[in-house]
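pasting a predicted model and its sequence here:
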Amino acid sequence: MGHSAADAKRTLVIGVGNLLRGDDGVGVRVAQALAREPLPEEVEVIDAGTQGLDLLFEFGDAERVLLIDAAEMGQTPGEARVFDAALLDGQAEVRFSCLHGIGIAEVLALGRAAGMQPQMTIVGIQPVDTSPREGLSETLAARLSEYVALARGELAGAHETQGLRGAGQGSDISGEDSRCGR
Amino acid sequence: MAKQDLDINIHNVTRVEGHGNIVVNVKNGVLETCDLEITESPRLFEAMLVGRPWQDAVHITSRICGICSAGHTTASLRAMENAIEVTPSEQTVLLRRLMLHGEHLQSHYLHVFFLAVPDCLGVGSVIPLAGTHPEVVKMALRLKRLGNDICHTVGGRHINPISLRVGGFTKLPAEDELAQLRERLQASLADAATTVELVTTLKLPRFERDMEFMAIHEPGKYPIYQGTSLKGSKAGEVDEQDYRKLIHEYVVLHSHAKHCKTDHESYMVGSLARFNINYDGLRTESKGAAAAMGLEPGCTNSYLNNVAQVVECVEFTLDGIDIIDALLERGLDQDDVVSASMGSVNWRPGQGAAAVEVPRGTLVHDYTVGGDGLITAANLIIPTNMNLNNIEADMRKLVPEILDKPKDDIALALEMLVRAYDPCISCATHLLQVDFVG
């Protein structure tokens, strides 16, 4: 799943996360599964792993990005939600602390502020456990095909992008999970 | 009126790489504690290398840090080649130097814009800056990307290069790829000039302390890949193989990272140290940039390490262009490659060390390889380790000087001081040889 700036596609599907931190890697797993299926010509799938700032370079000239990641949304573990990235505005406490702590929330906030972010939809998946270990939890592993189908549906425009219901009442999209690898 | 008592405990200093706390305690006007506690977990790389085949060293050590992976790769290869007596070709050396420049550029620009500049503009991070100065942030990202792409083109990947081996490359870039990089480097000089101009508008804190500086050295040059000596501004020069005559590592109780000193004192490495030691080797344009930003050789204000980094961005952009010109004029010899397994490399057991200048300062790798090809000993001295002692010495001088300021101002001054060194704490916590006694 390489990505070349010269092959500008209209839609990018980007899976992010750390495969060495349990359910944090679900975004990457979904992207990998999606890449094995036939996709429309204008779609490209990227495994962005634990990239931080460099994620902004992946957007290129894409018109639209579908970002898939584990996310703390106050939902039942295993549940997925689809929402516009604009929902993150002002929600997450953007810490920008150390270089290896630049998570998705920080990167997207920077991208938005600098006008570098195309229209973006996020598929957030509530993790069970993101402590250091390999492999997804049983809960998420069992629902992987469901998440892939959800992403495919988004690409086909079958779902209306919806705001997260109950936002501001305990659903904290901190996007905490994507750490830069060393 | 000077404060009588002061307790500052900054947990997890922000906008540095890695985790460390600043602890300052003043009691009855007397500075009792002035520590930079490194809380990042020990990484155990030196121990990890023992018993591994010599071919593995470059792959393992490049993983010490994602930001500094090209630097560790370079030091590892040079040290191993010194140990087992392998000499790379001139083409290989030129390409390695180019990649190292790529790392310096992406690291320095990242540090200046994302970590240091927000302080000078009174904002907590680069994100408000992106709102008020979007063109500046876009420029910073553009410059960082060029550094990434240089590493990618030469090494096959911008983090943890994959085509570099003892003795050479497994795969070479194409000449038109190098030509494109040259064009982008040339174009980036305009951005470098904008960066210089921006820095001239920033107010950096005043601070002076007579201190030792250290860097690799070659008369009339500004070396980063290899010098003719390792030089302390006061301690003198040694061959890089004899680095232990200049550098003494030791463990401290309040930090997971070792400290370093010369025979007498702490010392500084990094851009300001290189600037001071090798000023004569800088190009005219780089000296001009320094003058424009008010940086003069012999500067002992640690905060101006940020400014020295910008001078180096100018210098390394120009040197990168010259390196590519040299490579293209020679024509790339696509047969000058090694196999991934390095099976055809003629080697012999031995011990060797190398000192390389990476973004944060002098990096030393030292390996011993036995007759069976396995590593029997490894020593890695990281520039941030070298700077930790110096940072604390700076803090010990700074705190009494600013004791009459509000506590928040003192805390900020200390954080900015640590940030000026651009510490890479993940790299620094690589030790550990533990002897349990009793």
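On my side now, so go ahead. Numbers count the residues shown, from 1 in each chain, chains lettered A, B, ... in the order given.

most proximal residue of the stretch 151-300 of chain B with respect to chain A?
Residue nearest to chain A within the stretch 151-300 of chain B: B:His158 (7.5 Å; Cβ to the nearest Cβ). The C-beta positions use only the backbone N, C-alpha and C, and glycine is treated the same way.

can you tell me the average pLDDT over the strand or helix carrying B:Ser76?
Per DSSP states H and E, B:Ser76 falls inside helix B:69-84. Averaged across helix B:69-84, the pLDDT comes to 97.

and stretch B:420-438, by the same measure?
Per-region confidence: stretch B:420-438 scores 50 on mean pLDDT.

next: stretch B:339-352.
For stretch B:339-352, the per-residue pLDDT averages 90.

can you give me how far that stretch is from the chain middle?
How far stretch B:339-352 lies from its chain's middle: 27 Å, per Cα atoms, centre = their mean, to the nearest Å.

hmm, who's touching it?
By Cβ atoms under 8 Å, 6 or more residues apart in numbering or on different chains, the residues outside stretch B:339-352 that reach it are B:54-55, B:79-86, B:165-167, B:170, B:241, B:338, B:366-371, B:373, B:377.

any buried residues in that stretch, and which?
By neighbour count on 16 or more other Cβ atoms under 10 Å in any protein chain shown, the buried set for stretch B:339-352 is B:342, B:345, B:347, B:349, B:351-352.

what about the lowest-mean-pLDDT helix or strand in chain A and chain B, touching?
In chain A, the helix or strand scored least confidently by mean pLDDT, DSSP states H and E is helix A:104-113, which has a mean of 81. Yes. Applying Cβ under 8 Å from any Cβ of the partner chain, one finds helix A:104-113 in contact with chain B at A:106, A:109-110, A:113.

which SSE is immediately downstream of that helix?
In N-to-C order, the element after helix A:104-113 by DSSP H and E is strand A:119-125.

what packs against that following strand?
In this structure, strand A:119-125 packs against helix A:26-35, strand A:64-70, strand A:80-84, helix A:144-155, with contacts taken as 3 or more Cβ pairs under 8 Å, 6 or more residues apart in numbering or on different chains; DSSP states H and E.

now distance to chain B and mean pLDDT too, for the ones you listed, in a markdown table please.
What follows is those, written out as a markdown table (distance: least, Cβ to the nearest Cβ, whole Å; pLDDT from 0 to 100):
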| stretch | distance to chain B | mean pLDDT |
| --- | --- | --- |
| helix A:26-35 | 16 | 96 |
| strand A:64-70 | 17 | 94 |
| strand A:80-84 | 19 | 92 |
| helix A:144-155 | 26 | 94 |
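
okay if I get these as JSON lines plus mean neighbour count?
What follows is those, written out as JSON lines (neighbours: other Cβ atoms under 10 Å in any protein chain shown):
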{"stretch": "helix A:26-35", "mean neighbour count": "24"}
{"stretch": "strand A:64-70", "mean neighbour count": "25"}
{"stretch": "strand A:80-84", "mean neighbour count": "19"}
{"stretch": "helix A:144-155", "mean neighbour count": "17"}
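
for stretch B:393-408, C-alpha coordinates in PDB please.
C-alpha atoms of stretch B:393-408 as PDB (Å, rounded to 0.1, in the frame of the first residue of the first chain):
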ATOM      1  CA  ALA B 393      25.000  23.700  35.000                       C
ATOM      2  CA  ASP B 394      23.100  26.400  33.000                       C
ATOM      3  CA  MET B 395      20.100  26.100  35.300                       C
ATOM      4  CA  ARG B 396      22.300  26.400  38.400                       C
ATOM      5  CA  LYS B 397      23.700  29.700  37.000                       C
ATOM      6  CA  LEU B 398      20.300  30.900  35.600                       C
ATOM      7  CA  VAL B 399      18.100  30.400  38.600                       C
ATOM      8  CA  PRO B 400      19.900  32.800  41.100                       C
ATOM      9  CA  GLU B 401      20.000  35.400  38.300                       C
ATOM     10  CA  ILE B 402      16.200  35.400  37.800                       C
ATOM     11  CA  LEU B 403      15.000  34.600  41.300                       C
ATOM     12  CA  ASP B 404      13.300  37.900  41.700                       C
ATOM     13  CA  LYS B 405      10.900  37.200  38.800                       C
ATOM     14  CA  PRO B 406       7.400  35.700  39.200                       C
ATOM     15  CA  LYS B 407       7.500  31.900  39.600                       C
ATOM     16  CA  ASP B 408       5.800  31.300  36.200                       C
END
